[in-house]
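1. Show me how the following folds:
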Amino acid sequence: MVTTTPPAIKNRSRRAKSAARPGDRIFSGLSKGSGITLLVIMAAIAAFLTYRTVLAVSKDSTNFFTTFEWNPAGDPPVFGIAVLAFGTVVSSVIAMAIAVPVAIGIALFISHYAPRKLAKPLAYVVDLLAAVPSIIYGLWGAIFLVPYLDGLNQWLDQYLGWTYIFDKSADGVARNLFTVGILLAIMILPIITNVTREVFLQAPKMHEEAALALGATRWEVVRMAVLPFGRSGIISASMLGLGRALGETMAVAVVLSPSFVLSGHLLDPGGGTFAQNIAAKFNEANEFGRDALIASGLVLFVITLLVNGAARWIIARRKEYSGANA
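-> Numbers count the residues shown, from 1 in each chain. From the prediction side, this is the model:
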């Protein structure tokens, strides 16, 4: 009587042999080491920022979170992040509100509507936009965008001034958070578009063909088969763009006319962001002033972590998209 080994035992034996191979052990060790190294680096950054923040806040004579002034060299030292936090969040929200819908539209056009001869050059141009340095965007914004947005600011003030946020209460050129938001939207547009386009291209062709076979229009195919599949990818791409917007430095520093006046009028000159304030004041700051700037950097670090954590939570709750189920 001939006995045969069950398939399950054979599979376990093969896996054991595979795990014993030197190449697999090396790869496993490198993978684990890379992950541990990343965690150690993140922990070291957090520890450094926290230590310098404690040194700065312990000498602050006011509330670090609510003060509308930045003078760590004063006697007593006074500095706070209220204006910086407001400017960073508002400019990023404006950028996302403009960039995300446009990026989704461009990605859909390239992946599902444009002819192949047009789609490839257009995708290449979008890729090139992602490679433009921040300082170039900033110079373009200061020289070209700011003067041409004066007319838009006046129009918004005239017809939408009743909304308060578009009420221009101070004279000056368009070096404000609204302009910064538009510039950031242009900067993050290629990032969101590229990632979203690649996600849309991975949509199951069988689903699209089935919808077409049932008589669905092109838009119905996109709405029923492409967008549900790419929803988590859209969220991930948006979070990448938001991270760029939150931490952008040079472009904002060139365009914005900074001031520590907290105003809900988006068209008024002034405002500030964390990254812009650090870049503008770091060289001239003394040791304590640098600790204060590092403290503001810790707040930006925490905001970025919270944004990424929220994105992961949203993606985990939306089980419609899964590469394994495609």
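
2. With adjacent residues omitted, what lies nearest to I165?
-> L266 (5.2 Å; CB to CB, 6 or more residues apart in numbering). Glycine gets a C-beta too; all of them are placed from N, C-alpha and C.

3. how near is T50 to A114?
-> According to CB to CB, to the nearest Å, T50 and A114 sit 49 Å apart.

4. wait, I81
-> Counting by CB to CB - I81 and A114 are separated by 45 Å.

5. Also A131?
-> 22 Å.

6. Over to P269?
-> Distance from P269 to A114, by CB to CB: 40 Å.

7. what about the two, which has more around it?
-> Shown here are P269 and A114; by other CB atoms under 10 Å, P269 has more neighbours (21 against 16).

8. Identify the residues contacting that one.
-> By CB atoms under 8 Å, 6 or more residues apart in numbering, the contact set of P269 is A170, G172, V173, A174, R175, N176, S257, S259.

9. mind checking the SS state of it?
-> coil (DSSP: H, G, I helix; E, B strand; the rest coil).

10. In space, what's closest to it - neighbours in sequence excluded?
-> Of all residues not flanking P269 in the chain, G172 sits nearest, at 3.8 Å (CB to CB, 6+ apart).

11. That neighbour - that's part of a strand, no?
-> No: applying three-state DSSP, one finds G172 to be coil, outside a strand.

12. ok, now which ones touch it?
-> By CB under 8 Å, 6+ apart, G172 lies in contact with S257, D268, P269.

13. isn't the first one right up against A174?
-> It refers to S257. No: S257 lies out of contact with A174 (CB atoms under 8 Å); the separation is 9.5 Å.

14. Could you check which of the two has the larger neighbour count?
-> Taking neighbours as other CB under 10 Å, S257 and A174 compare with A174 leading, 24 against 16.

15. Verify the stated contact: that one with G151.
-> No: at 9.2 Å, A174 does not count as touching G151 under the criterion of CB under 8 Å.

16. what are the phi and psi values for V261?
-> phi -120, psi 120 (degrees, to the nearest 10).

17. Chain neighbours aside, what residue packs nearest to it?
-> Using CB to CB, 6+ apart, the closest residue to V261 is G270 (5.1 Å).

18. now A211
-> Per CB to CB, 6+ apart, closest to A211 is V221, 4.6 Å.

19. Next: G272.
-> Here the residue nearest G272, using CB to CB, 6+ apart, is P258, at 4.4 Å.

20. From L55, how far out is the residue nearest to V261?
-> Distance from G270 to L55, by CB to CB: 29 Å.

21. With T66 instead?
-> Taking CB to CB, one finds T66 at 20 Å from L55.

22. which of those two has more neighbours?
-> Per other CB under 10 Å, whichever of T66 and L55 has more neighbours is L55, with 15 against 10.

23. Now that one: which helix or strand?
-> Using DSSP states H and E, L55 sits in helix 22-57.

24. Just the element for the residue nearest to the spatial centre of the chain, please.
-> In the chain, the C-alpha nearest the mean C-alpha coordinate belongs to L242, at 1.9 Å (CA atoms, centre = their mean). Assessed by DSSP H and E, L242 sits inside helix 227-247.

25. Run through the helices of the stretch 1-150 of the chain in chain order.
-> Using DSSP state H, counting those that start in this stretch, the helices of the stretch 1-150 of the chain run over 7-20, 22-57, 82-108, 116-130, 134-140, 146-160.

26. and the third one with helix 227-247, angle?
-> In other words, helix 82-108. 140 degrees (axes from the mean of the first three to the mean of the last three CA atoms, to 10 degrees).

27. worst-scoring helix or strand of the chain, pLDDT-wise?
-> Lowest by mean pLDDT, DSSP states H and E among the helices and strands of the chain is helix 7-20, with a mean of 56.

28. sorry, back to before: which strands or helices does the helix holding L242 pack on?
-> Contact analysis of helix 227-247 by 3 or more CB pairs under 8 Å, 6 or more residues apart in numbering; DSSP states H and E lists helix 82-108, helix 177-201, helix 274-281, helix 287-317 as its packing neighbours.
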